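**Student:** would you be able to build a 3D model of this:
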Amino acid sequence: MFVSRITAALAATTLLTACQMSGMLEQKDPLIPATTRAALADTCGAGDLTFMAGMRVAEVEFDTAQRPVRIVGPKSAVTTDYQPERLNVKIDASDRITGFSCG
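**Tutor:** Prediction:
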């Protein structure tokens, strides 16, 4: 009985420590300004294309020679490989552009 209480206490401590550490890993580096982090994250030029939101994807020509482009619909299956130079064009069910991201 005493051993099971010790085991339960150790398990709870381990679990809480793991949760604490995962939160620490998700924190952003406070020494890097938010604008610099945003610039580093925009490796494919997605920030320059926000004016296209709401347009139909068929009305827009993307320069695939400049960077790889992936159209991502609401039910699209996509790979999980991260390519920072790849432009992801997010569209809704009516093929209208809802956003852009890199990867």
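
**Student:** so Arg67 belongs to a helix, correct?
**Tutor:** No: under DSSP: H, G, I helix; E, B strand; the rest coil, Arg67 falls outside any helix and is assigned coil.

**Student:** I'd say it and Thr43 touch.
**Tutor:** No: here Arg67 does not reach Thr43: they are 9.2 Å apart, not a contact under Cβ atoms under 8 Å. In this view, the C-beta of every residue, glycine as well, is placed from N, C-alpha and C.

**Student:** now the end-to-end length of stretch 50-59.
**Tutor:** Stretch 50-59 stretches 15 Å from its first residue to its last (Cα to Cα, to the nearest Å).

**Student:** same question for stretch 57-77.
**Tutor:** Taking Cα to Cα, the span from the opening residue of stretch 57-77 to its closing residue is 18 Å.

**Student:** circling back: okay, and the common contacts of Arg67 and Thr43?
**Tutor:** Counting by Cβ atoms under 8 Å, 6 or more residues apart in numbering, the contacts common to Arg67 and Thr43 are Glu85.

**Student:** give me the neighbour count for Tyr68.
**Tutor:** Wrong residue type there; residue 68 is Pro, not Tyr. Here the count is done by other Cβ atoms under 10 Å, and Pro68 has 13 residues near it.

**Student:** same check, this time on Pro84
**Tutor:** Around Pro84 sit 12 other residues, with neighbours defined as other Cβ under 10 Å.

**Student:** go on, Ala53?
**Tutor:** Ala53 has 12 nearby residues by other Cβ under 10 Å.

**Student:** could you check how far it is from Glu61?
**Tutor:** Summarising the geometry, the distance separating Ala53 from Glu61, computed by Cβ to Cβ, to the nearest Å, is 16 Å.
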